[in-house]
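> pasting the sequence and the predicted coordinates here, then a few questions.
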Amino acid sequence: MSTVTTTRFSVLDRSRIREGQAGPQALRDTVGFARRIEELGYHRFWVSEHHGVPGVAGSAPTVLAAAVAAATSTIRVGTGGVMLPNHQPLVVAEQFGVLESLFPGRIDMGLGRSVGFTDGVRRALGRDKRDAEDFPRGLAELLGYFQGPRTAHPQVHARPAEGLRVPAFVLATGKGVRTAAEAGLPLVIAAVRGEDAMLRAIEEYRRDFRPSAWGERPYVVLSGTVAVARTTAEAHRLLLPEAWSTAYSRTHGEFPALPSVDTVLATGMTDRERSLFEDALRGQLYGTEDEVAAGLERLLARSAADEYLVTTSTYDRDAQLDSYRRLADLAGLVPGVASRPPIPQGPLGPCPADLRRARNA
């Protein structure tokens, strides 16, 4: 049986603003997009946290997650992620306690260690880059609030979080990989530094994983762009707006709204911008159904990942949805069914990697 058809597929939407569009419409589009993703049979729908970014409307992920959960009925909903160094752990616990109470059994708590994107945003948040180093302590405090009063705050109860089980995930690069392993939490990881570096990090995570009340075994979620279209050229075009936005951010210090493909192709670029643009396109998974299926098979076989979190953004929303529809078809997702065949695994439920290993035994 194909590895692709025994792997969970989920979606992270960053509420990207398109040129000529206002932020409020991007947020409404995210909620509507979540309904379509649920209909296609994806397992999770996550939203992200960005502050002061011109091209991203999603600044309050727990608020947006509540709107998504209210507009859907079966798909799991969560954050990819809440940047914990920006917040007090008690407040985060309370927010997810409210979400889980309103939508029981459907909420995920994806957590990251990044702080604000610019110096100005960090000052406004009352944070600096060093706060990222405090992530393990903040994570331990946050998880503890779901179990009861902590030693540091013995009289504090995080209501209504206390006693609830909200699956927690660590969005990790670098030191975050070890944090996920030591905390016994699922790892969400992208090939930011290349595929080989990602695979080494996954190996380190599995080696150092400590079973916990939150997870009995390692659980790996790969995160990345997947663009599927009728032709290879059409799939490649889907990647251009986000690649241009990434190149612009690295030369101007801010992410702009997504331009159309025609705008990107008509834009003159400096040598540095062109180099960054081409770097942003490198390593992306795109093509026809057959090409993407082959690429996914290779990557999933190398990583033995349990899940793939798709993060594809582009200017044309219809083309974006068509890409996700084609991916759902090649992955064998069942419309209206948001999970794979069950194998018990702590708060995470089914574990497709275990299913593959059992079938291959």
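Nice, I can see it.
> wait, residue 219 touches residue 306, no?
Yes: Residue 219 is within contact range of residue 306, at 5.2 Å (criterion: C-beta atoms under 8 Å). For glycine as for every other residue, the C-beta is placed from the backbone atoms N, C-alpha and C.
> so what does residue 19 look like in phi/psi?
Dihedral pair for residue 19: phi -50, psi 130, per degrees, to the nearest 10.
> do you know how far it is from residue 242?
Distance, residue 19 to residue 242, using C-beta to C-beta, to the nearest Å: 13 Å.
> which one of these two is surrounded by more residues?
residue 242 (25 against 13; other C-beta atoms under 10 Å).
> in the one helix or strand the more buried one maps to, what's buried?
Element membership for residue 242, per DSSP states H and E: helix 232-252. Within helix 232-252, the residues that qualify as buried are 234-245, 247-250, counting by 16 or more other C-beta atoms under 10 Å.
> could you do stretch 200-208 as well?
201-202, 205.
> same thing with stretch 85-103?
85-87, 89-90, 92-100, 103.
> and what of stretch 103-112?
103, 106-112.
> which pair in those spans the largest distance?
103 and 112 (21.7 Å; C-beta to C-beta).
> residue 195 touches residue 285, doesn't it?
No: between residue 195 and residue 285 there is no contact under C-beta under 8 Å: 10.5 Å.
> looking at those two, which is more packed in?
Higher neighbour count among residue 195 and residue 285: residue 285, with 23 against 15, using other C-beta under 10 Å.
> identify the bridge partners of the more buried one.
residue 226 (DSSP bridges).
> for this protein, which segments count as strands?
8-13, 44-47, 76-79, 82-83, 107-112, 168-171, 187-190, 220-224, 226-228, 285-287, 307-310 (DSSP state E).
> tell me which of the ones you listed lies nearest to residue 328.
Comparing these by C-beta to C-beta, strand 8-13 comes nearest, at 7.2 Å.
> the closest one - which strands sit beside it in the sheet, and in what orientation?
strand 44-47 (parallel), strand 307-310 (parallel).
> contact partners of the first one?
In this structure, residues lying in contact with strand 44-47 by C-beta atoms under 8 Å, 6 or more residues apart in numbering are 8, 10-15, 30, 34, 37-38, 58, 61, 64-65, 68, 72, 75-81, 108, 110, 309, 338.
> what is the nearest of the buried residues of helix 232-252 to residue 313?
Nearest to residue 313 among those is residue 242, at 5.0 Å by C-beta to C-beta.
> not counting sequence-adjacent ones, nearest residue to the closest one?
Excluding its sequence neighbours, the residue lying closest to residue 242 (C-beta to C-beta, 6 or more residues apart in numbering) is residue 313, at 5.0 Å.
> counting neighbours, what do you get for that neighbour?
Count around residue 313 with other C-beta under 10 Å applied: 22.
> check it and give its pLDDT.
Here the pLDDT value assigned to residue 313 is 95.
> then residue 154?
71.
> residues contacting it?
With C-beta under 8 Å, 6+ apart, residue 154 has no contacts at all.
> circling back to that earlier point, just the buried ones from the contacts of strand 44-47?
The neighbour-count test (16+ other C-beta under 10 Å) marks 8, 10-15, 30, 34, 37-38, 58, 61, 64-65, 68, 72, 75-81, 108, 110, 309, 338 as buried among those.
> how much space separates residue 269 from residue 59?
Going from residue 269 to residue 59 by C-beta to C-beta gives 29 Å.
> please apply the same query to residue 332.
Distance from residue 332 to residue 59, by C-beta to C-beta: 36 Å.
> same thing with residue 297?
Distance from residue 297 to residue 59, by C-beta to C-beta: 37 Å.
> can you pull out the low-pLDDT segments for this structure?
1, 52, 115-122, 125-133, 149-153, 174, 336-361 (pLDDT under 70).
> any chance of the backbone angles for the residue of it most remote from its centre?
No residue in the chain sits farther from the centre than residue 155, which is 34.3 Å out by C-alpha atoms, centre = their mean. Backbone torsions for residue 155, taken as degrees, to the nearest 10, come to phi -100, psi 0.
> kindly report the same for residue 159.
Per-residue torsions, residue 159: phi -100, psi 140 (degrees, to the nearest 10).
> could you count how many residues lie near it?
13.
> for residue 280, same thing?
Residue 280: 21 neighbours (other C-beta under 10 Å).
> got the contact list for it?
Counting by C-beta under 8 Å, 6+ apart, residue 280 makes contact with 242-244, 246-247.
> out of these, the closest to residue 259 would be?
Using C-beta to C-beta, these come closest to residue 259 at residue 244, 6.3 Å.
> the closest one contacts residue 266, doesn't it?
No: counting by C-beta under 8 Å, residue 266 is not a contact partner of residue 244; they are 11.1 Å apart.
> how near is residue 71 to residue 47?
Separation of residue 71 from residue 47 (C-beta to C-beta): 12 Å.
> got the contact list for the closest residue to residue 21 other than its chain neighbours?
Distances taken as C-beta to C-beta, 6+ apart place residue 257 nearest to residue 21, at 7.0 Å, with adjacent residues excluded. Residue 257 makes contacts with 16-21, 54-55, 245, as judged by C-beta under 8 Å, 6+ apart.
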